[in-house]
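> Sequence below, structure please.
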Amino acid sequence: QVRLVESGGGLVQAGGSLRLSCRASGRAFSNYAMGWFRQAPGKEREFVASISWSRRSTYYADSVKGRFTISRDNAENTVDLQMNSLKPEDTAVYYCAAQRDIRPTSDVDYWGQGTQVTVSS
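Numbers count the residues shown, from 1 in each chain. Model (predicted):
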């Protein structure tokens with residue numbers, strides 16, 4: 001069992017930065033690739049970024065590549081998403097996820113409750 005709790009969302013102007021954090025509880029954290037997904041109003045949930053349990057591999061959606069960076073600390077059971085050069089189209093609820101593997105289409109075993117990110121123009 002893994003419980004995921006996100007923090008760090010908020011309101012920011014376009015061009016600004018935010019850092020999201022996800023804290024996991026449960027011994028199985030290091031068994032999972034970890035990912036971030038987002039869901040904008042009226043749209044389906046979409047993949048944003050993922051990182052392997054070893055931290056050697058990362059994967060990004062084209063829409064965030066070069067602007068967002070995912071990282072994890074297995075000792076602290078945390079996974080972060082640093083978001084720079086934010087755009088209004090990044091506005092969404094962001095979800096932390098424990099994935100079976102790093103692929104965007106991987107099954108997700110656990111979801112966090114989500115944190116709202118709003119980017120004003």
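> Can you read off the pLDDT for residue 6?
Here, the pLDDT recorded for residue 6 equals 96.
> for the helix or strand that contains it, which positions count as buried?
Residue 6 is part of strand 3-7, with elements assigned from DSSP states H and E. For strand 3-7, the neighbour count (16 or more other Cβ atoms under 10 Å) marks 4, 6 as buried. Glycine gets a C-beta too; all of them are placed from N, C-alpha and C.
> which element follows it toward the C-terminus?
strand 10-13.
> how about the CA coordinates for the helix or strand following that following strand, as CSV?
Downstream of strand 10-13, the next assigned helix or strand under DSSP H and E is strand 18-25. These are the backbone C-alpha positions of strand 18-25, laid out as CSV (Å, rounded to 0.1, in the frame of the first residue of the first chain):
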residue,chain,number,x,y,z
LEU,A,18,6.4,26.5,-9.0
ARG,A,19,7.7,23.3,-7.4
LEU,A,20,5.3,20.5,-6.6
SER,A,21,6.2,17.9,-4.1
CYS,A,22,4.7,14.4,-3.4
ARG,A,23,5.3,12.5,-0.2
ALA,A,24,4.7,8.8,-0.2
SER,A,25,4.1,6.6,2.8
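> ok so, going back, so what touches the strand holding residue 6?
The contact list for strand 3-7 (Cβ atoms under 8 Å, 6 or more residues apart in numbering) reads 20-26, 94-98, 110-115.
> Tell me how many other residues surround residue 95.
Look at residue 95: counted by other Cβ atoms under 10 Å, it has 22 neighbours.
> Show the contacting residues for the most centrally placed residue in the chain.
Nearest to the geometric centre of the chain sits residue 36, at 2.3 Å (Cα atoms, centre = their mean). Residue 36 is in contact with 20, 22, 48, 49, 50, 70, 79, 81, 94, 95, 96, 97, counting by Cβ under 8 Å, 6+ apart.
> pLDDT (mean, whole number) over stretch 94-101?
Rounded mean pLDDT across stretch 94-101 is 96.
> For that stretch, list the C-alpha coordinates in PDB.
Provided in PDB are the C-alpha atoms of stretch 94-101 (Å, rounded to 0.1, in the frame of the first residue of the first chain):
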ATOM      1  CA  TYR A  94      -1.600  17.900 -10.900                       C
ATOM      2  CA  TYR A  95      -1.600  14.300  -9.600                       C
ATOM      3  CA  CYS A  96       1.300  12.300  -8.300                       C
ATOM      4  CA  ALA A  97       1.200   8.600  -9.400                       C
ATOM      5  CA  ALA A  98       3.000   5.400  -8.500                       C
ATOM      6  CA  GLN A  99       3.500   3.600 -11.800                       C
ATOM      7  CA  ARG A 100       4.500   0.100 -12.700                       C
ATOM      8  CA  ASP A 101       7.200   1.400 -15.000                       C
END
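> No further queries at this time; thank you.
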